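In: Pasted the sequence and its predicted model underneath.
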Amino acid sequence: MITTDEFENEIIEIRRVSKVTKGGRNLKFRVLIVVGDRKGRVGVGLGNTTEIPRAIHQAIRDAKKNLIEVQLDGGTVPHEVIGKFKAGRVLLKPAHAGTGVIAGVTVGAVCRLAGVTDILTKSLGTTNPLTLSRAAINGLVQLRSRSEVKTLRGHEDEAGEEVKDET
């Protein structure tokens with residue numbers, strides 16, 4: 001795990017890829033990295049160059065460009081959600097305090113670096129790390145806090161005043 005600035009990085013996958021050309025095979029390395037501050041911000045990045053260190057730096061830059069904010073309820077997610085990306089689906093369920101992060105390598109890294117300490121997850125579909133990480137990010141983006149849901153549904157806010165949606 002590499003630490004830069006206020007973000008922590010976790011390498012999910014380093015894969016050697018090749019392109020066959022008339023002159024032979026061109027070898028490159030594809031690196032998938034998750035970047036997060038464990039306080040609600042997380043991003044996934046991809047780097048693809050001929051050298052692994054350059055691919056890592058490229059993936060970190062890409063992940064920082066694609067940071068998202070995650071709504072947390074203590075150390076867990078506020079509600080159950082299914083994140084989808086292509087053939088990958090990830091179920092994210094809230095868990096009681098002390099449960100820990102029960103997830104595979106890819107989804108577990110995304111959740112830990114987002115600041116989630118207690119969660120139950122299940123991968124439904126593909127096992128490709130890139131697709132799973134993007135599906136987990138999609139699920140985390142869908143999360144809404146209790147106050148946001150109350151406002152959207154037109155319930156009373158904390159002060160006891162009726163809240164109506166203007167649309």
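Out: Arrived safely, thanks for sending.

In: buried sites along stretch 45-63?
Out: 45-49, 52, 55-60, 62-63 (16 or more other C-beta atoms under 10 Å). Where C-beta positions appear, they are placed from N, C-alpha and C, glycine not excepted.

In: quick one: which of these sit in helices?
Out: Per DSSP state H, helices hold the following members of the buried residues of stretch 45-63: 52, 55-60, 62-63.

In: what residues does stretch 132-142 touch?
Out: 12, 32, 34, 42-44, 68, 70, 77, 81-86, 88-92, 104, 106-107, 109-111, 114, 121, 123, 125-126 (C-beta atoms under 8 Å, 6 or more residues apart in numbering).

In: Return the set of buried residues in that stretch.
Out: Neighbour-count burial for stretch 132-142 flags 132-140 (criterion: 16+ other C-beta under 10 Å).

In: And what about the most centrally placed residue in the chain, helix, strand or coil?
Out: By C-alpha atoms, centre = their mean, the chain has its centre lying nearest to Ile137, at 3.4 Å. Reducing the assignment at Ile137 to three states with DSSP: H, G, I helix; E, B strand; the rest coil gives helix.

In: so can I have a markdown table of the buried residues of stretch 132-142 showing pLDDT and distance to Val149?
Out: Formatted as a markdown table, the buried residues of stretch 132-142 follow (pLDDT from 0 to 100; distance: C-beta to C-beta, whole Å):
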| residue | pLDDT | distance to Val149 |
| --- | --- | --- |
| Leu132 | 96 | 27 |
| Ser133 | 96 | 26 |
| Arg134 | 96 | 25 |
| Ala135 | 96 | 22 |
| Ala136 | 96 | 21 |
| Ile137 | 96 | 21 |
| Asn138 | 96 | 19 |
| Gly139 | 95 | 16 |
| Leu140 | 95 | 16 |
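
In: And the strands in this structure?
Out: Remark: strands assigned in the chain by DSSP state E are 2-4, 7-21, 24-36, 41-49, 68-69, 81-85, 88-94, 101-102, 119-125.

In: Report all helices and strands that the longest one contacts.
Out: This points to strand 7-21. Here strand 7-21 touches strand 2-4, strand 24-36, helix 52-65, helix 105-114, helix 129-141, going by 3 or more C-beta pairs under 8 Å, 6 or more residues apart in numbering; DSSP states H and E.

In: Go again with 7 Å.
Out: strand 24-36, helix 105-114, helix 129-141 (3 or more C-beta pairs under 7 Å, 6 or more residues apart in numbering; DSSP states H and E).

In: can you list those in CSV and add distance to Gly98?
Out: Formatted as CSV, the helices and strands packed on strand 7-21 follow (distance: least, C-beta to C-beta, whole Å):
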stretch, distance to Gly98
strand 24-36, 22
helix 105-114, 16
helix 129-141, 21
